[in-house]
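>>> sequence and predicted structure below; questions after.
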Amino acid sequence: METLRDAALRLQRGEATSASLVEEALSAIEAREAELHSFLTLLPDAREAAQELDRGRPQGGGPIYGIPYAAKDNLMTEGVRTTAASRILEGYVPPYSATAIERLTAQGALLLGKTNLDEFAMGSSTEHSAFGPSRNPIDPTRVPGGSSG
């Protein structure tokens, strides 16, 4: 499993692009999402956004410039559905982003999608999402643990 640091080094050395990192991540998600149910939303324009980051890459970038990441679905993301794993918020699209999301975006990190969690993060196993439980990627018969599996 590649770490954030590994991905950043690959970008800096020119061994990867933001677009290739997004493709690798989406391939990994596609391969196991039906089994793990980790994501509630994937951003349909992530590929195009990665290509745009690659075209605009500043010299050196920054440590997270062009790195794809996933955000827990209780963090507000402007223009992107945010449900907190609750049917009450199923169609909610916030008009602003959480400070953490704004800071990541300002540094050139690329939001790939929103991850499953216990409804309103009120739990410790990710078994109580209104959209179904997520599974542990190492052993799918076990819970992933924490409110954000």
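That came through, no problem.
>>> can you give me the pLDDT of the nearest residue to residue 78 once chain neighbours are set aside?
Excluding its sequence neighbours, the residue lying closest to residue 78 (CB to CB, 6 or more residues apart in numbering) is residue 97, at 4.4 Å. For the C-beta atoms, the positions are set from N, CA and C on the backbone; glycine is no exception. Looking at residue 97, its pLDDT is 98.
>>> where do the strands sit along the protein?
For the chain, applying DSSP state E gives strands covering 39-42, 68-72, 110-115.
>>> identify the residues contacting the first one?
Strand 39-42 has contacts (CB atoms under 8 Å, 6 or more residues apart in numbering) with 26, 29, 33, 70, 73, 80-81, 83, 85, 112-116, 129, 131.
>>> follow-up on the earlier one: among the strands of the chain, which is the most enclosed?
Greatest average neighbour count among the strands of the chain goes to strand 110-115 (a mean of 23), per mean count of other CB atoms under 10 Å.
>>> how about the worst-scoring helix or strand of the chain on mean pLDDT: buried residues?
In the chain, no helix or strand scores lower on mean pLDDT, DSSP states H and E than helix 4-12, which sits at a mean of 92. For helix 4-12, burial by neighbour count (16 or more other CB atoms under 10 Å) applies to 7, 8, 10, 11.
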